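> How does the following fold in three dimensions:
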Amino acid sequence: MIDYGNMMHDAMRGLIKRLLQDIASVGKLPGDHHFFITFNTMHPEVEIADWLSDRYPDEMTIVVQHWFDNLKVTDDGFSITLNFGDNPEPLYIPFMALRTFVDPSVEFGLRFEQPEEETNDANDTALSVAEAPMHENAEPSDKPKTDGQVVSLDSFRK
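Okay, here's the model as predicted:
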């Protein structure tokens with residue numbers, strides 16, 4: 001059988017890789033773009049401060065918006081320094097640890113199904129952009145948010 005699901009997840013990770021490479025080369029995000037990136041903090045290759053892994057033992061959502069530093073992208077993941085309560089913290093996130101990627105400024109999002117999260121319930125396969133979780137380094141936006149959806153490929157699997 002052709003494993004379309006894994007092939008699509010690889011393609012989606014490639015899209016995020018290319019996007020982050022473009023952002024790294026310019027050093028800032030264009031216009032009003034900003035990203036909510038949720039990842040599995042228990043992935044063996046994730047590198048975050050102990051206090052962050054203690055606070056977020058399963059998953060964490062970071063916001064890449066106005067201030068970030070040292071964005072470097074490799075074939076396997078990306079490193080970035082973000083500000084948490086006026087404390088810069090370096091992070092390394094492998095692409096395989098990604099759970100969601102959302103750019104609410106254009107209602108775009110991707111969700112990566114985790115093996116333990118597989119379900120046939122269609123309600124569990126969509127994430128509303130308006131409900132994307134905020135994190136400490138996020139700045140509230142005055143712009144009204146509209147309800148966009150992230151489409152999960154697992155809803156198309158047999």
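> what about Gly31, distance to Ala49?
Gly31 is 31 Å from Ala49, where distance means CB to CB, to the nearest Å. All C-beta spots, glycine's among them, are computed from the backbone N, C-alpha and C.
> wait, I meant Asp76
For Asp76 relative to Ala49 (CB to CB), the value is 20 Å.
> what about this protein, any weak spots by pLDDT?
115-158 (pLDDT under 70).
> For the residue nearest to Phe101 when sequence neighbours are not counted, what is the enclosing helix or strand?
Excluding the flanking residues, the one nearest Phe101 by CB to CB, 6 or more residues apart in numbering is Leu110, at 4.7 Å. Using DSSP states H and E, the element containing Leu110 is strand 108-111.
> what about that strand, distance to the chain center?
Relative to the chain's own centre, strand 108-111 is displaced by 8 Å; criterion: CA atoms, centre = their mean, to the nearest Å.
> and it, what does it pack onto?
Under the contact definition 3 or more CB pairs under 8 Å, 6 or more residues apart in numbering; DSSP states H and E, strand 108-111 sits against helix 4-26, strand 98-103, strand 126-128, strand 149-151.
> can you do 7 Å?
Packed against strand 108-111, as judged by 3 or more CB pairs under 7 Å, 6 or more residues apart in numbering; DSSP states H and E, are the following elements: strand 98-103, strand 149-151.
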